[in-house]
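*Asks:* Sharing a sequence plus its predicted fold:
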Amino acid sequence: MSNKLMTLKEAVSKYVKSGDTLFVGGAQHATPQAALHEIVRQKIDHLGVVAVLAQPTLLIGEGLVDKMITGYAAQDYTASYPLGKAKAMNRFPVYEEYSHFGISLALFAGYMGIPFIPTKGHLGSDMPKYNKNIKSIDCPFTGGKVAAIKAVVPDVAVIHVQRADAEGNAQKWGSIGVDVEGINASRKVIVTAETIVSSDVIRRDPNRTIIPGFRVSAVVEQPWGAFPSRLAGFYNADRGGFMRVAIAGGNEQTYEDYLRDFVYGVKDWNEYIEKVKSIKGADYFDKARLKNPVKSEPIITGS
């Protein structure tokens, strides 16, 4: 058994490199914001980013992304300050588009270790015209046409979960999106978790484990690591405040102020949390925490 616990700064510095293709977990839930902020703080650039409904706004706005592999992402740089900033720096990313299902298939092929995966999806659309990684081929069994989607194998994944053990066995519940496919397709995985629990806790509820520890490179205990997005069972999203900037981008002043104060102006995510409290009040995070969480019915899994 190996203990993979480290700080977020150590994990990002050790496992995320310039030129990597990065899978960003979360689909409008549990976006690994702490990890994304740390990547920006370390200015790791020339990234490819694979994301489904997890817009890495700060990475794009700071010119760190060469390519976005996505099912949907805002691309109008005239309507978004961070995108416009990237365009002005000549750092606007290339967009490689699929359907959301197509992204899940590309990652699943990477997860399985096969070069491509067949599907009926994308046939009849213009996507193969614009995406060289979607082809039309003859089915060897029926003779009909199927689409072939090339496998996507990210260099590193970042994901936030509710709990993990020190070995990296990570458990997540609520909306999963394409996290299972994305993290298991990736060569390296950084897990940030609200809480670190014993391996005995993980074994009591094995069906919640979305990636086994032997596939994980680093584990970081990072409370509020998905803030300002929501995390099932823990806290709600701050839709009217920080979420508008950290995720949507805001206008020039709010975006640049946020970068100065909450990205480059703090040494790590723990200091970020304390700075937010100093501005918003000591009870700010208590207000975001779920007041009456509903527990699942206990399940008997063993003796």
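*Replies:* Good, I have the coordinates.

*Asks:* okay, now the domains of this structure?
*Replies:* Here the domain assignment for the chain is 8-97+153-287, 117-150, based on automatic domain parsing.

*Asks:* Buried deepest among the ones you listed, which one?
*Replies:* Across the domains of the chain, averaging neighbours per residue (mean count of other C-beta atoms under 10 Å) puts domain 8-97+153-287 on top, at a mean of 20. For glycine as for every other residue, the C-beta is placed from the backbone atoms N, C-alpha and C.

*Asks:* That one - what's its average pLDDT?
*Replies:* The average pLDDT within domain 8-97+153-287 is 93.

*Asks:* Next up, the contacts around residue 256.
*Replies:* Neighbouring residues of residue 256 by C-beta atoms under 8 Å, 6 or more residues apart in numbering: there are none.

*Asks:* gap between it and residue 21?
*Replies:* 28 Å (C-beta to C-beta, to the nearest Å).

*Asks:* residues contacting residue 288?
*Replies:* 227, 235-236, 238.

*Asks:* Same list (the domains of the chain) but as TSV, adding distance to residue 293.
*Replies:* Below are the domains of the chain laid out as TSV (distance: least, C-beta to C-beta, whole Å):
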stretch	distance to residue 293
domain 8-97+153-287	6
domain 117-150	37
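
*Asks:* And those: which comes nearest residue 295?
*Replies:* Residue 295 sits nearest to domain 8-97+153-287 of all these, at 8.8 Å, using C-beta to C-beta.

*Asks:* Might you calculate how far that closest one sits from the centre of the chain?
*Replies:* Centroid separation for domain 8-97+153-287 versus its chain: 5 Å, with C-alpha atoms, centre = their mean, to the nearest Å.

*Asks:* Endpoints of stretch 55-70, how far apart?
*Replies:* 9 Å (C-alpha to C-alpha, to the nearest Å).

*Asks:* Give me the three-state assignment for residue 237.
*Replies:* coil (DSSP: H, G, I helix; E, B strand; the rest coil).

*Asks:* Just confirm it contacts residue 224, I think it does.
*Replies:* No: using C-beta atoms under 8 Å, residue 237 makes no contact with residue 224, being 12.0 Å away.
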